[in-house]
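Chemist: Predicted structure and sequence below. I'll ask about it afterward.
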Amino acid sequence: MSFTVIIPARLASTRLPNKPLADLGGKPMIVRVAERALDSGASRIIVATDHADILAACAAHGIEACMTRADHPSGTDRIAEVARTLGLAPEEVVVNLQGDEPLIDPALLAACAARIRDGVPMATCAHPIHDVADVFNPNVVKVVLDKAGRALYFSRATIPWHRDAFAATQDSLPAGYTPLRHIGLYAYSNAFLQGYPALESSPLETIEALEQLRVLWHGYPIAVHITDSAPPAGVDTPDDLERVRRHYIV
């Protein structure tokens, strides 16, 4: 199917200043992310940025980029502006790829985009959790699904809670219990994306600090593609940056 990848990229970062321009094997991180997206089969890749330095870095490496307003409250709002500027058709599928995921599996982008269909305007991804520590870690976002593979709820809490097994021990995972970890990759129909900034913020997203709960709160379904394993971690800290840099050492 045809889909467009838009990569939001802001220069400001509290934990890693100038993160999109960090060098990875001779190229800025944002360029490395865009190059991964090029292997996904997307019809178009665009970086959405509010800073001229990122725009220039993309131009220097032949990556399409678009300037946006600087006051967007989220990356979703930023990519909605770009999709509108590009004049994308309402039925076009837009994939929101974070600009700090230089090792993302390109096939995951295509799989996420493929979950968009009539009546399902948004999709995301998840993978099984096998580490008991992750199950109880509030920084690991969990998701539970209905029988059609659509999200019922996202939470930092342990969901579903295995009442009987966890009453006995929380040192191991019970047999047959496979919770799902949410992966922060999203796809939308452009029609839904354009309406997203107007959706009222929900109490649930404020409590959990999870923006995707706004969509469920307003009654829209989110399809979830399940992949077998976790994608490589993105870059949030200097240690993450050094880990990813080793990937580019020949």
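Modeler: Received it, and whenever you're ready, just let me know what you need.
Chemist: give me every residue that touches the residue of the chain most remote from its centre.
Modeler: Using Cα atoms, centre = their mean, the residue of the chain lying farthest from its centre is A168. It sits 35.4 Å away. With contact set as Cβ atoms under 8 Å, 6 or more residues apart in numbering, A168 has no partners. The way it works is simple: take the backbone N, C-alpha and C, and place the C-beta from them, glycine included.
Chemist: Now do it against H162, distance only.
Modeler: Separation of A168 from H162 (Cβ to Cβ, to the nearest Å): 10 Å.
Chemist: Kindly report the same for G195.
Modeler: 38 Å.
Chemist: And for S2?
Modeler: To H162, S2 is 42 Å away according to Cβ to Cβ.
Chemist: Now do the longest strand that the chain contains: which elements does it pack against?
Modeler: Longest strand in the chain by number of residues (criterion: DSSP state E): strand 180-189. In terms of contacts (3 or more Cβ pairs under 8 Å, 6 or more residues apart in numbering; DSSP states H and E), strand 180-189 is packed against strand 93-96, helix 106-113, strand 122-128, strand 142-145.
Chemist: let's see it at 6 Å
Modeler: Here strand 180-189 touches strand 93-96, helix 106-113, strand 122-128, going by 3 or more Cβ pairs under 6 Å, 6 or more residues apart in numbering; DSSP states H and E.
Chemist: Just the element for E205, please.
Modeler: Using DSSP states H and E, E205 maps to helix 203-208.
Chemist: buried set for the helix or strand just after that helix?
Modeler: Next in sequence after helix 203-208, counting helices and strands by DSSP H and E, comes helix 213-217. Under the neighbour-count criterion of 16 or more other Cβ atoms under 10 Å, helix 213-217 has L213, R214, V215, L216 buried.
Chemist: Next: stretch 165-184.
Modeler: So stretch 165-184, judged by 16+ other Cβ under 10 Å, has buried residues F166, L173, P179, L180, R181, H182, I183, G184.
Chemist: can I assume the first one sits in a strand?
Modeler: Pointing back at F166 there. No. F166 sits outside any strand when classified using DSSP: H, G, I helix; E, B strand; the rest coil, being helix.
Chemist: Would you map the strands across this structure?
Modeler: Assigned by DSSP E, the chain shows strands spanning 3-9, 23-24, 27-28, 44-49, 65-67, 93-96, 122-128, 142-145, 151-155, 180-189, 222-226.
Chemist: ok, the longest one: who's next to it in the sheet?
Modeler: Read it as strand 180-189. Strand 180-189 sits in its sheet next to strand 93-96 (antiparallel), strand 122-128 (antiparallel), strand 142-145 (antiparallel), going by DSSP bridges.
Chemist: again with the fifth one
Modeler: As defined by DSSP bridges, the strand partners of strand 65-67 come to strand 44-49 (parallel).
Chemist: And the second one, by the same measure?
Modeler: Using DSSP bridges, the strands paired with strand 23-24 in its sheet are strand 27-28 (antiparallel).
Chemist: Figure out how far the partner strand is from the centre of its chain.
Modeler: Distance, stretch centre to chain centre, for strand 27-28: 21 Å (Cα atoms, centre = their mean, to the nearest Å).
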